[in-house]
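Enquirer: This is a predicted model, with the sequence first.
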Amino acid sequence: MPELPEVETICRALRPHLVGRYLRGVRTFVEALRQPLDRRALVSLVGRRIVAVRRRAKFLLVEFTDRRLLLMHLGMSGSCRICPDNAPRRKHEHIIWELDNGQTWRYGDPRRFGLVQVQVIRKRGALPSCLCGLPPEPLSRGFNGAYLASICRGRSRPIKSVLLDQTLVAGVGNIYASEALHRAGISPVRRAATLSREECARLAHAIRTTLRQAIAAGGTTIADFRSADGSPGGFQVKLFVYGREGEPCRRCRRGRIRRLVLSSRSTYYCPDCQR
DNA sequence: AACACGTCCTGAGCGC
DNA sequence: TGCGCTCAGGACGTGT
């Protein structure tokens, strides 16, 4: 479910509910998500105050006093919500944090591909060391045509598989990879190394624009994405290719959108306007 | 029954 | 042969 825009949407929705609050308790209902939960580490946050809620790539970072940080990744099906203490626990709600105002912050995740762990950081506002090697944020200065060209050089994989590689591009997932390539007019199966400098610049711009618009719309709801306040995203109505197999291309109006499987993921594109 | 918006692991293939 | 890197594909729960 959640790519960069969805995580950013959740981050913004959580922030006003969490920042400044003290953690009063934590309850867990499973042994493990993608990896075993460290209950003692989670409990060690109780009594501390939340000082910031941030995002880096697809990671959500909740910073506490004393340089403690809760690192969260939503995997395929993770979600967060804020609700009162006495709200009944939903199926697949695995962690409940109790705040000092009668509210709770809850993590739900049917597939349990997510990640929740406690880290200690060097100083206030710093990233945990495990995230220090991430590539540049797509919406930051360092992400541009020159950067894309540098990671495409010498790579024979299809460009879409490069965009999905989280060690090379941070935060782009399966929906926005298809959307950005369509916006840039570049075929998802093109070998990365064959992209010209001009195409890399166009693609970098397309990625930034796509992500920005998706954030502005509150993310994309295909099946069940909800922000932390329960509201669905609005970007699905602005999708140009994802999930539109057989429908006419909304840009060139000639081609029909095709679906193919690339590195075992659905990929959508317009054969007429993507080269 | 096929497919799902993510990541990790394994093993094949390649150049040196 | 071996090392290091790249890349494809399966596995991981559950829901629709």
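Expert: Yep, that arrived. Numbers count the residues shown, from 1 in each chain, chains lettered A, B, ... in the order given.

Enquirer: burial of the residue in the stretch 151-275 of chain A that DNA strand B sits nearest to, as a residue count?
Expert: Per Cβ to the nearest atom of the strand, residue A:173 is where the stretch 151-275 of chain A lies closest to DNA strand B, at 1.9 Å. For glycine as for every other residue, the C-beta is placed from the backbone atoms N, C-alpha and C. Applying other Cβ atoms under 10 Å, we find 21 residues neighbouring residue A:173.

Enquirer: quick one: it and residue A:57 touch, right?
Expert: No - using Cβ atoms under 8 Å, residue A:173 makes no contact with residue A:57, being 10.5 Å away.

Enquirer: Please enumerate the shared neighbours of the two.
Expert: Residues touching both residue A:173 and residue A:57 (Cβ atoms under 8 Å, 6 or more residues apart in numbering) are residue A:4.

Enquirer: For stretch A:115-131, measure first residue to last.
Expert: In stretch A:115-131, first residue to last residue: 13 Å (Cα to Cα, to the nearest Å).

Enquirer: do that stretch and DNA strand C meet at all?
Expert: No - using Cβ under 7 Å from any atom of the strand, stretch A:115-131 stays clear of DNA strand C, coming no nearer than 11.8 Å.

Enquirer: do the same with stretch A:205-221
Expert: No - on the criterion Cβ under 7 Å from any atom of the strand, stretch A:205-221 is out of touch with DNA strand C, staying 12.8 Å away.

Enquirer: which SS state does residue A:116 fall under?
Expert: strand (DSSP: H, G, I helix; E, B strand; the rest coil).

Enquirer: Please read off the pLDDT at it from the model.
Expert: According to the prediction, residue A:116 has pLDDT 95.

Enquirer: can you tell me which residues contact residue A:201?
Expert: When contacts are counted by Cβ under 8 Å, 6+ apart, residue A:201 touches A:144, A:145, A:148.

Enquirer: Measure how buried the first one is and give me the count.
Expert: Using other Cβ under 10 Å, residue A:144 is surrounded by 15 other residues.

Enquirer: Within range of DNA strand B, give me the residues from the stretch 151-275 of chain A.
Expert: So far as Cβ under 7 Å from any atom of the strand goes, the stretch 151-275 of chain A lies against DNA strand B at A:164, A:166, A:173-175, A:220-225, A:265-266.

Enquirer: got a pLDDT number for the residue of the stretch 151-275 of chain A closest to DNA strand B?
Expert: As predicted, residue A:173 sits at a pLDDT of 92.
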